[in-house]
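>>> give the three-dimensional model of this entry:
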Amino acid sequence: MTIEAVVWDVDDTLFDYTSADREGMRAHLVAERLLDRYGTAEEALAQWRAVTDAQWARFAAGEVDFAGQRRDRTRVFLGRPELTDTEADDWFDRYLAHYEAAWALFPDVLPVLDALAATHRHAVLSNSSLTVQDRKLRVLGVHDRFEAILCAAELGVSKPDPGAFLAACEALSLAPHQVAYVGDHPEIDARGAAAAGLLSVWIDRGKAWAAVDPPVGPRRIASLAELPSVLGGDTRFGAPSTFG
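Here you go, the predicted structure:
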């Protein structure tokens, strides 16, 4: 079956979120004179990411809105539940300034988008908000590469729910078997896309997924340079995995 379109995850797939988050939080804690409170930058970042994961799970479950999960991340991380919404927003905005200063695409992104520009349509499906990802893609210079940008905050459904992936297919007026999804998370992206019937491509950028078994079925690639050959090969759903 011919793949007509590629739908992309953003963070840690196209955009080097992990590096930007690390550098942004380190710079922010230095500016706020809080780094000593957490021991080292690595320890602070580990705590920040644990808080982020927990609060994002609440957002994905519909327990809190997008702005609320940001405020709660700040309150929990600082251990200051008494912060007003304005105070939490101000602290998070100061962090964002440092974080955004470190934004960058992975080096394999532009070459693969160029290579596939004439043969495949492109869209984005992210578990963030359109406000965040639309601006991010514009700043990174790739916004116009995508004909549709869909995000969980506006869709009302988050990956790995099949409804999120099917919404992306509907936006492109294509059936799931005509669409490939590329993402970095083995559960949220890889297994989720496969369960929804898309060709699932897991970009394994070497992050530690010790608690997650490698997904069976999705195609695994270590670089986006491998993607054109995956799309040009046997792309029928259920074809043998490239995991070795």
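>>> which secondary structure element contains the residue nearest to residue 157 when sequence neighbours are not counted?
Distances taken as Cβ to Cβ, 6 or more residues apart in numbering place residue 163 nearest to residue 157, at 4.4 Å, with adjacent residues excluded. Yep, even glycine has a C-beta here, placed from its N, CA and C like the rest. Taking DSSP states H and E as the criterion, residue 163 maps to helix 162-172.
>>> grab the longest helix from the protein for me.
Using DSSP state H, we find that the single longest helix of the chain is helix 41-60.
>>> and it, what's buried?
By 16 or more other Cβ atoms under 10 Å, the buried positions in helix 41-60 come out as 41, 44-45, 48, 51-52, 55-56, 59-60.
>>> nearest to residue 158 among these?
The shortest approach to residue 158 among the buried residues of helix 41-60 belongs to residue 60, at 4.2 Å (Cβ to Cβ).
>>> so where's the chain shaky on pLDDT?
Low-confidence regions of the chain, defined by pLDDT under 70, span residues 1, 208-216, 233-244.
>>> which residues of the chain fall in helices?
With DSSP H as the criterion, the chain has helices at 17-31, 41-60, 66-78, 85-101, 109-116, 130-139, 152-155, 162-172, 192-195, 227-232.
>>> could you chop the chain up by domain?
The chain breaks down into these structural domains: 5-16+104-232, 17-101 (assignment by automatic domain parsing).
>>> would you mind finding the most buried of these?
With neighbours defined as mean count of other Cβ atoms under 10 Å, the domains of the chain peak in mean count at domain 5-16+104-232, which reaches a mean of 19.
>>> quick check: end-to-end length of that one?
12 Å (Cα to Cα, to the nearest Å).
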